[in-house]
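**Q** Build me a structure from this.
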Amino acid sequence: MKFKKYGFLLPLLLAGNLQIISNSARAAEQEQETSTANTEMQKIPSVSQIETGKTIPQSKNITINQITSVSQLKDVQPTEWGYEALRSLVERYGCIVGYPNATFRGDKAISRWEFAAGLNACLNTMERLIQEGSVSKEDLDKLKRLTSEFQSELAALGAKVDNLESRVAVLENHQFSTTTKLSGLTFLNITGLSGNNILANRDPNNNSNFSPPVRDPVTNQPSVVRLSQPQTTFSYLTWLTLNTSFTGKDLLITQLAVGNGNSPANNLASAGYYNQWGVPYTDQTAGPNANEVVIRELSYQFPVGNTVNVVIGPRINFYRYFGYNPYTFFLTGAGSFDSIGSTLSNPVDRGSGAVITWDITKEVQVAVAYLGQNTEFLPAFLNTSNNPTEGLFGATNSMTAQVTYNPSKDLSFGLFYTRSSSRAVGGYINGADANPLPYGYADDGQGGPINNGESNAIIGNFSWTITPKFAIFGRYSYGNTAIYPLTPGIPNGEVDVQSWQVGLGFPDLGKEGALGVISFEAPTEYIAGRQYLLSGAGNGGNQYELEFSYFYPLTNNIAIVPSFYCIWNANNFNGNPGVYVGNLRAQFSF
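**A** Next up is the predicted model:
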């Protein structure tokens, strides 16, 4: 809208109040940021030349009532800076109206239709007053004087609006999309480790993290190897996220990922524990192979009413909706695979299916989900939801229900339960498909194969920001996995396991927006069924981990995150030397 074309009207409409002019300039600047539909207007001689096919909005907000006194507007006070200008327009010229609830809403933006209606009313009133001779010579002289006096300001305002409209036009012509917003995260990781002669359950003939150990034919015990210290690594991980909205309320999430991380601790872990203890979450490849672009997430969400949200998709991110804790959120809080969430939570990190969330009250939310396995870092043959042999409802899959309670912004509790079916591959339940085993390899306890197994896991989670600078948090998990031997005569069994985590948070440590976190956890404490574990049971010990991390923002888009991990009794072998991991992460968001 080019205000300079109506400049001769402004002094009369504003009753000599220059503050309105400066406010119009501010509104014009805000218009650039808030309106994507504001295109440069052209001079037209007739309303009939406006583009057809667009209907004038018939919003209830445009229903207005004529008033005769500014005192009829209950939200207008004499202390308002534009009070005198409004009073003059209402009581002297009678061309300002109010809403049906007797309000003026002076702090709200107006639409072009509302502006046109108000301007037309004032023009009609002025025309009538001039014809009736009701406009005094004094008023006309004042109009001429004010028009002359503010001519330079009005010209400057018009030029500024022209410039803003030109810049908006450039942005609109070169924008990425009218419906999609692109954002990204890039992580650079330098990771080093100190630890040597570490005992682990692996196949001595194929020292790979992806090959099952073998049982001794005499003792029936899983094979054990000693692993030597790995070298320091420097890796990257990048996520590009496309958030698309077609209605303003829905959201299509498409996330691409690529990386080349293979963290040093992977060289010391028992078979099946790839990307687990001692590994920073962002020190990974993203997909099955390094430097390979994968779709990490693809889902569509939409509201049903005001309190229910539905998410459907072939690759939904489970952790976007379940198990959140502000002090273990990997971007700013604890950062290793074992500390960012429960190690027992779900065999399906990303999957095909649906999630429904329901905000029962401001404090209470319920979420439910069904997901079939479709995780981006698994080889294609392990993703079952798009495989017609297994299908969406075949193993591996999971059903989850969660309740969260937030009595205040500083206190949060969460509890969720997952029932899952884990697919046995090659006669073993193993790796990422094995939660809540979790990971490792399980057989029938005598070296024989097993069938698919059902699992249950229940996880409790809390965080409490006691003061603005100090918080505590914790998590407890319990899970069991059924073992169904395929060899006749061997009875069914079960593996029972628990894990726990406690920690301290230090918000704004050293700088506003920074966060220091200390976390102590036991990722896998086996309660029963160790005899079924080819990998993970160790020699009966319990692994413990202590983690220090510090998120330090350099700018709004760049942060550095140093962290340090101490691991005792690695791989659940009592007597294993300590393993110490240092990681320095540079984090870029855009």
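
**Q** By mean pLDDT, which helix or strand of the protein comes out lowest?
**A** Lowest on mean pLDDT, DSSP states H and E among the helices and strands of the chain sits helix 19-34, with a mean of 38.

**Q** how about the residue sitting furthest away from the middle of the chain, what does it touch?
**A** The outermost residue of the chain relative to its centre, with distances by CA atoms, centre = their mean, is residue 133 at 64.6 Å. Applying CB atoms under 8 Å, 6 or more residues apart in numbering to residue 133 gives no contacts. Glycine gets a C-beta too; all of them are placed from N, C-alpha and C.

**Q** Same question for residue 425.
**A** 381-382, 433.

**Q** which one of those residues has the most neighbours?
**A** residue 433 (26 neighbours; other CB atoms under 10 Å).

**Q** I'd guessed that residue sits against residue 349; true?
**A** No: counting by CB atoms under 8 Å, residue 433 does not reach residue 349; the two are 10.5 Å apart.

**Q** Look up how far residue 519 lies from residue 264.
**A** Separation of residue 264 from residue 519 (CB to CB, to the nearest Å) stands at 20 Å.

**Q** Kindly report the same for residue 448.
**A** Counting by CB to CB, the gap from residue 448 to residue 519 is 39 Å.

**Q** higher neighbour count, those two?
**A** Between residue 448 and residue 519, counted using other CB under 10 Å, residue 519 has the larger neighbour count: 28 against 13.

**Q** and the residue lying closest to residue 207 once chain neighbours are set aside, how many residues sit next to it?
**A** Closest residue to residue 207 apart from its sequence neighbours, by CB to CB, 6 or more residues apart in numbering: residue 225 at 6.3 Å. Using other CB under 10 Å, residue 225 has 16 other residues around it.

**Q** Over to residue 345?
**A** Residues near residue 345, counting by other CB under 10 Å: 28.

**Q** doesn't residue 418 make contact with it?
**A** Yes: between residue 345 and residue 418 there is a contact under CB under 8 Å: 6.5 Å.

**Q** overlap in contacts of those two?
**A** 436, 457, 459.

**Q** which ones among those residues are found in strands?
**A** Taking DSSP state E, the ones among these that sit in strands are 457, 459.

**Q** What about the shared contacts of residue 345 and residue 418, which one has the most neighbours?
**A** In the shared contacts of residue 345 and residue 418, the most neighbours by other CB under 10 Å go to residue 436, 30 neighbours.

**Q** List the beta-bridge partners for the nearest residue to that one once chain neighbours are set aside.
**A** In this structure, residue 436 finds its nearest non-sequential neighbour in residue 479, 2.7 Å apart by CB to CB, 6+ apart. Counting by DSSP bridges, residue 479 forms beta bridges with residue 457, residue 497.

**Q** isn't residue 479 right up against residue 434?
**A** No: with contact defined as CB under 8 Å, residue 479 does not count as touching residue 434 (10.3 Å).

**Q** and the gap between the residue nearest to residue 207 and residue 193?
**A** From residue 225 across to residue 193, the span is 17 Å (CB to CB).

**Q** go on, residue 510?
**A** For residue 510 relative to residue 193 (CB to CB), the value is 27 Å.

**Q** Could you check which of the two is surrounded by more residues?
**A** residue 193 (24 against 10).

**Q** Not counting sequence-adjacent ones, nearest residue to the more buried one?
**A** Residue 193's closest residue in space is residue 264 (CB to CB, 6+ apart), at 4.0 Å.

**Q** In contact with the one you found, which residues?
**A** 191-193, 230-233, 278, 581 are the contacts of residue 264 under CB under 8 Å, 6+ apart.

**Q** any chance you could map the strands in the stretch 151-300 of the chain?
**A** Under the criterion DSSP state E, counting those that start in this stretch, the stretch 151-300 of the chain contains strands at 180-194, 198-200, 225-227, 233-244, 251-259, 294-304.

**Q** can you put the ones you listed in CSV and add mean pLDDT and distance to residue 142?
**A** Output for the strands of the stretch 151-300 of the chain, formatted as CSV (pLDDT from 0 to 100; distance: least, CB to CB, whole Å):
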stretch, mean pLDDT, distance to residue 142
strand 180-194, 97, 50
strand 198-200, 97, 90
strand 225-227, 97, 91
strand 233-244, 98, 53
strand 251-259, 98, 54
strand 294-304, 98, 53
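
**Q** Nearest approach to residue 207 belongs to which of those?
**A** strand 225-227 (6.3 Å; CB to CB).

**Q** Pull up the pairing partners for the closest one, direction included.
**A** Per DSSP bridges, strand 225-227 is paired in its sheet with strand 198-200 (antiparallel).

**Q** What confidence value was assigned to residue 201?
**A** Here, the pLDDT recorded for residue 201 equals 97.

**Q** I figured it hits residue 570, correct?
**A** No: look at residue 201 against residue 570 with CB under 8 Å: they stay out of range, at 11.4 Å.

**Q** State the pLDDT value of residue 12.
**A** Looking at residue 12, the pLDDT reads 40.

**Q** List the residues that contact the most centrally placed residue in the chain.
**A** Using CA atoms, centre = their mean, the residue of the chain that lies closest to the mean C-alpha position is residue 320, 6.5 Å off. Applying CB under 8 Å, 6+ apart to residue 320 gives the contacts residue 297.

**Q** Could you check the pLDDT of it?
**A** 96.

**Q** again with residue 492
**A** On the pLDDT scale, residue 492 gets 97.

**Q** residues in contact with it?
**A** 482-485.

**Q** In the stretch 301-450 of the chain, where is pLDDT below threshold?
**A** Scanning the stretch 301-450 of the chain for pLDDT under 70 picks out nothing.

**Q** What segments of it are helices?
**A** With DSSP state H, counting those that start in this stretch as the definition, the stretch 301-450 of the chain shows no helices.

**Q** all strands for it, in order.
**A** Counting by DSSP E, counting those that start in this stretch, the strands of the stretch 301-450 of the chain are 308-317, 350-359, 364-373, 397-408, 411-422, 429-430, 441-442.

**Q** Quick check: buried residues in the first one?
**A** Spelled out, it's strand 308-317. 309, 311, 313-317 (16 or more other CB atoms under 10 Å).

**Q** Nearest to residue 443, out of those: which one, please.
**A** Distances from residue 443 to the buried residues of strand 308-317, taken by CB to CB, are shortest for residue 315, at 30.6 Å.
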